[in-house]
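K.L.:
here are the coordinates; sequence isn't available:
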């Protein structure tokens, strides 16, 4: 039993010792690095100091795109959400093209590089209402109310969850 244990330990030591190779080279220093380095070519998003100025800037930028009738923007921290108003008679592909053109214009702008663009009529109207609440000096309540409205539309109503009318109970409709 002792011979097997000694043999197994020697075998383990040999197996682990074979994996290491002596290296005389040091880690490369940045001065001696011959690899090609690329600088970031896309605009970096700027830190937003005045959300009202940035919102106005992005609204103006979006409104200059052909096919955009108007734009509303809400800025929260370093993210902007822009709702664009387009002609309701346009087909889906044309609206997508206009939305893409707005996003492309924002990509070249340091404030708009991380913006979210929507052409949905309902969301654009909600953003317009949030923007007007902010301008009236009531940003938190206005935002909370509009978010509640948006979420209320998103959450599905399941027929299984509805309660049948009970006899004798008045149903307010």
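P.N.:
Arrived safely. Bear in mind that the values here come from a model prediction, so they are computed numbers and not experimental data. Residues are numbered from 1 along each chain as shown.
K.L.:
only C-alpha atoms for contact and neighbour calcs from this point on.
P.N.:
OK.
K.L.:
For the closest residue to residue 56 other than its chain neighbours, give me its contacts.
P.N.:
Of all residues not flanking residue 56 in the chain, residue 73 sits nearest, at 7.3 Å (C-alpha to C-alpha, 6 or more residues apart in numbering). Residues in contact with residue 73 (C-alpha atoms under 8 Å, 6 or more residues apart in numbering) are 55-56, 58-59, 80-83, 127-128, 131.
K.L.:
can you give me the strands for the protein?
P.N.:
68-76, 79-86, 116-118 (DSSP state E).
K.L.:
Let me know which of those strands is tucked in deepest.
P.N.:
Mean neighbour count (mean count of other C-alpha atoms under 10 Å) peaks for strand 79-86 among those, with a mean of 23.
K.L.:
Contacts for it next, please.
P.N.:
55, 58-59, 62-63, 67-75, 95, 99, 112, 114-121, 123-125, 127-128.
K.L.:
So what sits opposite the spatially closest residue to residue 59 that is not a sequence neighbour in the bridge?
P.N.:
Nearest non-adjacent residue to residue 59, counting by C-alpha to C-alpha, 6+ apart: residue 71, 5.1 Å away. Beta-bridge pairing for residue 71 (DSSP bridges): residue 84.
K.L.:
For residue 71, give me its contacts.
P.N.:
So residue 71 contacts 59-60, 62-63, 82-85 (C-alpha under 8 Å, 6+ apart).
K.L.:
tell me which of the residues you listed is nearest to residue 139?
P.N.:
Set against residue 139, the nearest of those by C-alpha to C-alpha is residue 82 (16.3 Å).
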